[in-house]
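# Turn this into a structure:
(chains A and B)
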There are 2 protein chains.
Amino acid sequence: MRFLSETSADGVREQLFTLDGRPGVLWTPDDSTGPRPLILLGHGGGQHKRAPGVLARAHRFVTGGGFAAACFDVPGHGDRPTDPEFDRIATENQARVEAGEPVAPLIAAFQALVARRTVPEWRAGLDALQALDVVGPGPAGYWGVSLGCGLGVPFVAAEPRVRAAVLGLGGALASAAEAARITVPVEFLVQWDDERVPRDQALALFDALGSAEKSLHANPGPHATIPPYETESNLRFFRRHL
Amino acid sequence: MRFLSETSADGVREQLFTLDGRPGVLWTPDDSTGPRPLILLGHGGGQHKRAPGVLARAHRFVTGGGFAAACFDVPGHGDRPTDPEFDRIATENQARVEAGEPVAPLIAAFQALVARRTVPEWRAGLDALQALDVVGPGPAGYWGVSLGCGLGVPFVAAEPRVRAAVLGLGGALASAAEAARITVPVEFLVQWDDERVPRDQALALFDALGSAEKSLHANPGPHATIPPYETESNLRFFRRHL
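Numbering: from 1, shown residues only, chains lettered A, B, ... in the order given. Reported below is the predicted structural model:
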């Protein structure tokens, strides 16, 4: 793990780093020392580790809960090189959608393919981050919607250090079996008029989660318009469980 | 309006009263004076104005938000006389359910019948309560699930003083048209394994609400097992909107 830069704004210290050459970012309370729970965030498709939605939530989790927060660029995103295999599949998928195939199964299959790489990457990331004094070996949380949900379901299912997860804007097509293996508390976000995830698929993914405590929050509007009060709800959810 | 008793516990003053002979209860912060928003609560079927679920939420809204809270016994419930017409229909319905008819449409039709009486009763209750110095003519909220939702949907649709409502554990069968006339913010509670309200009917009622801001919260478990953290969410919801 190699730290590249350290800046500070609004009470939040931001450190860019690479881990085995993969770029990531860590946010912690300014001038903080000692261990604290870490929330790993997964960014959306076409986004990156410092996309506005990720940055705003990471800052809120740090300032409102004293948590550490971190995010990694997904393969083919942000500061990572383009991936010939993923590019080829994306091009093929676009042609299939233009030929009339439904988009949801193609997205689901693609996310499952990417998850085969991100699950081990993020688990190694958790190892490295928890070795830092400012994080430590305590409980971890996960926040991810859309692509961050498609990659998050198999990650949360595989990683026992994650004790609570916010997921959403995703469907059951690719991940129902892995969702059933999740047993930690989940807050699950649905956009009621999501143009990318069919409503019945989103409800089916919530239904498939194996967690005894899970709470679905649905709000009107299209895919990328989660209302700001849900960030406050997510923060309270992590405070209850981490 | 005639006050019958005044007691105090845990920072909450409780006043029993009758209005045109109908029994009600008002909760306000101990030793409070001056106006404050009022939250009217509707109790569940077979319950009454001081049922444990009503009492707990009223206390929380008073102590956590400084609100006034009030509840009226529904016809045929609590301290009100049994109603021969409602008794006759309940007996008929029981026979029809035993003969194999689905229960949800019967419940919906019965609630619509009771609402014809409670809507004008509750509007008159709001008049009388808002005439008190400790309430005043400010905004009002409504909280009601199950029977309290079946009666609450037509009440909230009819009453412009209600600026925010928590509803839930109800279906669209009887009240979709009235739900479409509701335009104030709604927090809508669904029990994912509700044995009395079919899931698709509950989702259809949320869908039918005309509100631009509405948020569905679904949690696992049967009808009467809303988790305690939803009361905290309801309180924050009322604090945002009243």
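
# so what strands line up beside the host helix or strand of A:Gly24?
Using DSSP states H and E, A:Gly24 sits in strand A:22-29. Here strand A:22-29 has these sheet partners by DSSP bridges: strand A:12-19 (antiparallel), strand A:68-72 (antiparallel).

# Reformat these as a markdown table; add mean neighbour count.
All C-beta spots, glycine's among them, are computed from the backbone N, C-alpha and C. As requested, these are arranged in a markdown table below (neighbours: other Cβ atoms under 10 Å in any protein chain shown):
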| stretch | mean neighbour count |
| --- | --- |
| strand A:12-19 | 18 |
| strand A:68-72 | 27 |
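
# Please look at A:Phe237 and A:Leu167 and confirm they touch.
No - taking contacts as Cβ atoms under 8 Å, A:Phe237 lies outside contact range of A:Leu167: 11.4 Å.

# shared neighbours, those two?
Contact criterion Cβ atoms under 8 Å, 6 or more residues apart in numbering or on different chains; residues shared by A:Phe237 and A:Leu167: A:Glu187.

# Those two - which one has more neighbours?
A:Leu167 (28 against 23; other Cβ atoms under 10 Å in any protein chain shown).

# In contact with the more buried one, which residues?
Contacts of A:Leu167 (Cβ under 8 Å, 6+ apart): A:142, A:144-145, A:148-149, A:152-153, A:156, A:186-189, A:205.

# List just the nearest of those residues to B:Gly64.
The shortest approach to B:Gly64 among these belongs to A:Glu187, at 21.3 Å (Cβ to Cβ).

# Show me what the helix or strand hosting the closest one packs onto, helices and strands only.
Element membership for A:Glu187, per DSSP H and E: strand A:186-191. In terms of contacts (3 or more Cβ pairs under 8 Å, 6 or more residues apart in numbering or on different chains; DSSP states H and E), strand A:186-191 is packed against strand A:162-168, helix A:199-208, strand A:214-219, helix A:229-241.

# what about the shortest one, distance to the chain center?
Put simply, strand A:214-219 sits 17 Å off its chain's centre (Cα atoms, centre = their mean, to the nearest Å).

# Next, the angle from that strand to helix A:199-208.
For strand A:214-219 against helix A:199-208, the angle by axes from the mean of the first three to the mean of the last three Cα atoms, to 10 degrees is 160 degrees.

# Can you tell me the strand partners of strand A:214-219 and which way each runs?
Using DSSP bridges, the strands paired with strand A:214-219 in its sheet are strand A:186-191 (parallel), strand B:214-219 (antiparallel).

# Which helix runs longest in chain A?
In chain A, taking DSSP state H as the definition, the longest helix is helix A:103-130.

# quick check, the next helix or strand after that one touching chain B?
Downstream of helix A:103-130, the first helix or strand assigned by DSSP H and E is strand A:140-145. No - if you take Cβ under 8 Å from any Cβ of the partner chain as the test, strand A:140-145 misses chain B, and the best it gets is 15.8 Å.

# For the following helix or strand past strand A:140-145, output the C-alpha coordinates as CSV.
The helix or strand immediately downstream of strand A:140-145 is helix A:147-158, counting by DSSP H and E. C-alpha atoms of helix A:147-158 as CSV (Å, rounded to 0.1, in the frame of the first residue of the first chain):
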residue,chain,number,x,y,z
LEU,A,147,-23.1,-1.3,-10.1
GLY,A,148,-22.1,-0.9,-6.4
CYS,A,149,-24.9,-3.2,-5.6
GLY,A,150,-24.2,-5.8,-8.3
LEU,A,151,-20.6,-6.0,-7.0
GLY,A,152,-21.6,-5.5,-3.4
VAL,A,153,-23.9,-8.5,-3.0
PRO,A,154,-21.2,-11.1,-3.8
PHE,A,155,-18.7,-9.1,-1.7
VAL,A,156,-20.9,-8.8,1.4
ALA,A,157,-21.9,-12.5,1.0
ALA,A,158,-18.2,-13.5,0.9
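
# Enumerate the residues of chain A near chain B.
A:190, A:192, A:203, A:206-207, A:212-220, A:227, A:229, A:232-233, A:236, A:240.

# Please point out which parts of the helix or strand bottoming out on mean pLDDT in chain A sit buried.
The weakest-scoring helix or strand in chain A, judged by mean pLDDT, DSSP states H and E, is helix A:84-98 (a mean of 89). If you call a residue buried by 16 or more other Cβ atoms under 10 Å in any protein chain shown, then helix A:84-98 has these buried ones: A:Phe86, A:Ile89, A:Ala90, A:Asn93.

# wait, which of those is closest to chain B?
Relative to chain B, the closest of the buried residues of helix A:84-98 is A:Asn93; by Cβ to the nearest Cβ it sits at 30.3 Å.

# what about the closest residue to the closest one other than its chain neighbours, how many residues close to it?
Of all residues not flanking A:Asn93 in the chain, A:Leu106 sits nearest, at 4.6 Å (Cβ to Cβ, 6 or more residues apart in numbering or on different chains). Per other Cβ under 10 Å, the neighbour tally for A:Leu106 reads 18.

# my read: A:Leu106 touches A:Ala95, true?
No - in this structure, A:Leu106 is not within contact of A:Ala95 by Cβ under 8 Å, at 10.4 Å.

# Correct me if wrong, but A:Thr7 is in a strand.
Yes - counting by DSSP: H, G, I helix; E, B strand; the rest coil, A:Thr7 is found in a strand.

# Roughly how far does it sit from chain B?
With distances taken as Cβ to the nearest Cβ, to the nearest Å, A:Thr7 is found 33 Å from chain B.

# Over to A:Val74?
A:Val74 is 29 Å from chain B, by Cβ to the nearest Cβ.

# Mean pLDDT for the helices and strands packed on strand A:186-191 - can I get that in JSON lines?
Putting those into JSON lines (pLDDT from 0 to 100) gives the following:
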{"stretch": "strand A:162-168", "mean pLDDT": "98"}
{"stretch": "helix A:199-208", "mean pLDDT": "96"}
{"stretch": "strand A:214-219", "mean pLDDT": "98"}
{"stretch": "helix A:229-241", "mean pLDDT": "98"}
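
# and A:Thr33, which of those is closest to it?
Nearest of the helices and strands packed on strand A:186-191 to A:Thr33, taken as Cβ to Cβ: helix A:229-241 at 20.7 Å.

# which residues touch the closest one?
Against helix A:229-241 from outside (Cβ under 8 Å, 6+ apart): A:37, A:39, A:56-57, A:60-61, A:64-65, A:67, A:139, A:141, A:143, A:163-164, A:166, A:184-185, A:187, A:189, A:215, A:217, A:219, B:215, B:229, B:232-233, B:236, B:240.

# mind running it again at 7 Å?
Here helix A:229-241 makes contact (Cβ atoms under 7 Å, 6 or more residues apart in numbering or on different chains) with A:39, A:57, A:60-61, A:64-65, A:67, A:141, A:143, A:163-164, A:166, A:185, A:187, A:189, A:217.
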